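> Structure for this input, please:
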Amino acid sequence: MKNVLTLFLILLAFTNCEDKTKKESSIKKKVVNKPNVLIIYPDQLRRYSAGFWSKKEYASYVVGKPDPVITPNIDKLATNGIVFTNAISNYPLCSPARGMLLTGMYPEQNGIWNNCKVGREESLKDDAKTITDVFYEAGYNTSYFGKCHWLKNDALFDEKGNYIGTTEAPGGHHVNNYDTYVPPGPSRHSIEYFYQSMKDSHYDPHIYSNDPATINGKKDGELHLPKIFSTKNEADKILDYLKNKRSQREEKKPFCMIWSINPPHNPWGDDNTDMEALKSHYGEDKYPVIDTSLVVRENADLKVADYARHYYANVTSVDTHVGRVLEELRKMGELDNTIVIYSSDHGEMLGSHGRTGKNQFLTEAMAIPFIVHWPKGLKKGVNETLFSVPDVLPTLMGLAGMSANIEEKVEGINFANNLLNPNTYNVKEPESVLLMLGNSRGVLTKQYTLWLEEDKLPWDKKKGTKLAQSFLYDNLNDPYQLKKIPIKELPEISKVLLKDLGVMLKNTNDPWYQENLYADTIIY
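From the prediction side, this is the model:
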């Protein structure tokens, strides 16, 4: 009898254990089946700097000509994902674009109206919910690798670049004129695993991390100088994070990762360029001189674009290291269930109109790449929606099944249903989107750019006193934007666009609307 009782207890324990295992397995499967999220965000990457635009299925969507760059990994993302042909950086400048991307809100609401820099007050509001906040609350592992550039730059460091947290000695120093370290707390916005890279010096990234193993045992806030090309260095750390051999994340949870890459942002000299990529693809054996075979846009000044080899080389280098991360996800069996977004904060002029950089309502500066790759959830194809930076957060939340969690204060549009059900298009596409600069406001449609520019420079702190220019570009008939059309020459079209501008300035609580500026031109 004793043996029978013992056997019964053993069977009961086994049954309970099996039931518990099945329950835990079910819970784990439920969590893991949520899609992962990976946002890849190179800095200053123009829309047409990717090889796939030269393929016949995409060539008809190109405004002008695409760059002759080598990007095999991004090309795979494009051909197996959704390519947005009209994605626009509403404010083509680093910090304002990041503020909109992270929060889904326009500058007046998120706190960033200019690049964060020493002497400026711009700073992402701590109470603004970001992508990492909402996905953390939804049970995701959150991580951030690379450039931040969203925080007010105060003198909170010692002479060696270590974070002190006060301007009192040994504090009182800056570590960088633009970007600054984001300390633990509300400004880090629920990022659990943090690996920040700053400084526009690609072989000398300044690193801060909350993982001592990645910074030679240093503490969070102590400066680390690995002297490795920043994209490669970040990719190495991402691979380590994904492999999770040191339990950097909880395996049962999906992950939400943002990888903000500094290249191909300037500087572009030999000492800031992946020279192996340059020599392999853009050297003088292939392009003896910088001519129209290399700088292909017809509005470009070839002398100004003398850095084209270096720019393209760093685009290709970014592609190589992005490919390493995507391949690891494939090996893990996670790539098909990861929502990969590939985009940028703004473009690069590369000699067009005789200019470099960004901060213009010109195609080369405003037009950004935007690819969504999620084979498990989306059919590949092309999307021609006018897509703005604030639309990223709500659309991403919608794709991840979190539409009900989108707060009313979010100003971007949730296009998830249109992507998930491309034959129905439940959400109406906008006919125009708002454009902003420090000295300008405007509107973009699929044909026209409306540009109102004040009598000041974009970065001036003083206020404008009048409109210095008010004109249109006809981007269909003038794809390189060579002719400014005074608004008086197209009165009916201008009236519609000026009315659209007034409505959007009101809806975003823009300072121009608050002060009723230029009401003799803008229809509020």
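
> and the residue nearest to Tyr524 when sequence neighbours are not counted, what is it in contact with?
Excluding the flanking residues, the one nearest Tyr524 by Cβ to Cβ, 6 or more residues apart in numbering is Gly502, at 4.2 Å. C-beta coordinates here come from the backbone N, C-alpha and C atoms, glycine included. Neighbouring residues of Gly502 by Cβ atoms under 8 Å, 6 or more residues apart in numbering: Tyr513, Ile522, Ile523, Tyr524.

> Please pick the buried ones from the residues you listed.
Neighbour-count burial (16 or more other Cβ atoms under 10 Å) applied to the contacts of Gly502 gives Tyr513, Ile522.

> In helices only, show me the contacts of Gly502.
Counted as lying in helices by DSSP state H, out of those, are Tyr513.

> Give the rounded mean pLDDT of stretch 249-258.
The pLDDT scores in stretch 249-258 average 97.

> Check the offset of it from the chain's centre.
Taking the mean of its C-alpha atoms, stretch 249-258 sits 20 Å from the chain's own mean (Cα atoms, centre = their mean, to the nearest Å).

> And stretch 121-133, by the same measure?
The answer for stretch 121-133 is 15 Å, by Cα atoms, centre = their mean.

> Could you tell me the end-to-end distance of that stretch?
23 Å (Cα to Cα, to the nearest Å).

> next one: stretch 169-177
Criterion Cα to Cα; first-to-last residue distance in stretch 169-177 is 19 Å.

> Which residues does it contact?
117-118, 153-159, 161, 164-165, 180-181, 198-199, 206, 223.

> Next: stretch 457-468.
93, 114-115, 359, 437-440, 452-456, 517-518, 521.

> make it 7 Å
Identification of contacts with stretch 457-468 by Cβ atoms under 7 Å, 6 or more residues apart in numbering yields Asn114, Asn359, Leu437, Gly438, Asn439, Leu452, Glu453, Glu454, Asp455, Lys456, Tyr518, Thr521.

> Check stretch 320-338 too.
By Cβ under 7 Å, 6+ apart, stretch 320-338 touches 35-36, 38, 40, 73-74, 231-232, 235, 238-239, 242, 375-376.

> And it, how far out from the chain middle?
The chain centroid and the centroid of stretch 320-338 are separated by 19 Å under Cα atoms, centre = their mean.

> what's the answer for stretch 381-397, then?
On the basis of Cα atoms, centre = their mean, stretch 381-397 sits 12 Å off its chain's mean C-alpha point.

> Of all pairs in the contacts of stretch 320-338, which one spans the longest distance?
Lys232 and Lys376 (29.2 Å; Cβ to Cβ).

> who's more crowded, the two?
Lys232 (17 against 11; other Cβ atoms under 10 Å).

> ok, back up a step: average model confidence for the helix or strand containing the residue nearest to Tyr524?
Assessed by DSSP states H and E, Gly502 sits inside helix 491-507. Averaged over helix 491-507, pLDDT sits at 98.

> Stretch 307-315 now?
98.

> so Ser54 touches Asp67, yeah?
No - when contacts are counted by Cβ atoms under 7 Å, Ser54 is not listed as touching Asp67 (8.9 Å).

> Give me the more crowded residue out of those two.
Neighbour count, other Cβ under 10 Å: between Ser54 and Asp67, Asp67 has more, with 23 against 16.

> Identify the residue nearest the more buried one in space, chain neighbours excluded?
Sequence neighbours aside, Ser49 is the residue nearest to Asp67 in space, at 4.6 Å (criterion: Cβ to Cβ, 6+ apart).

> quick revisit: and the contacts of stretch 169-177, which are buried?
117, 153, 156-158, 161, 164, 180-181, 198-199, 206, 223.

> possible to save those as JSON lines with secondary structure and distance to Lys466?
Conversion of the buried ones among the contacts of stretch 169-177 to JSON lines gives the following (DSSP: H, G, I helix; E, B strand; the rest coil; distance: Cβ to Cβ, whole Å):
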{"residue": "Lys117", "secondary structure": "coil", "distance to Lys466": "27"}
{"residue": "Asn153", "secondary structure": "coil", "distance to Lys466": "32"}
{"residue": "Leu156", "secondary structure": "coil", "distance to Lys466": "40"}
{"residue": "Phe157", "secondary structure": "strand", "distance to Lys466": "42"}
{"residue": "Asp158", "secondary structure": "coil", "distance to Lys466": "47"}
{"residue": "Gly161", "secondary structure": "coil", "distance to Lys466": "44"}
{"residue": "Ile164", "secondary structure": "coil", "distance to Lys466": "45"}
{"residue": "Thr180", "secondary structure": "coil", "distance to Lys466": "35"}
{"residue": "Tyr181", "secondary structure": "coil", "distance to Lys466": "41"}
{"residue": "Met198", "secondary structure": "strand", "distance to Lys466": "38"}
{"residue": "Lys199", "secondary structure": "coil", "distance to Lys466": "39"}
{"residue": "His206", "secondary structure": "strand", "distance to Lys466": "42"}
{"residue": "Leu223", "secondary structure": "coil", "distance to Lys466": "46"}
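
> export the residues you listed to a markdown table and tack on pLDDT?
Output for these, formatted as a markdown table (pLDDT from 0 to 100):
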| residue | pLDDT |
| --- | --- |
| Lys117 | 95 |
| Asn153 | 97 |
| Leu156 | 98 |
| Phe157 | 98 |
| Asp158 | 97 |
| Gly161 | 97 |
| Ile164 | 97 |
| Thr180 | 98 |
| Tyr181 | 98 |
| Met198 | 95 |
| Lys199 | 94 |
| His206 | 98 |
| Leu223 | 98 |
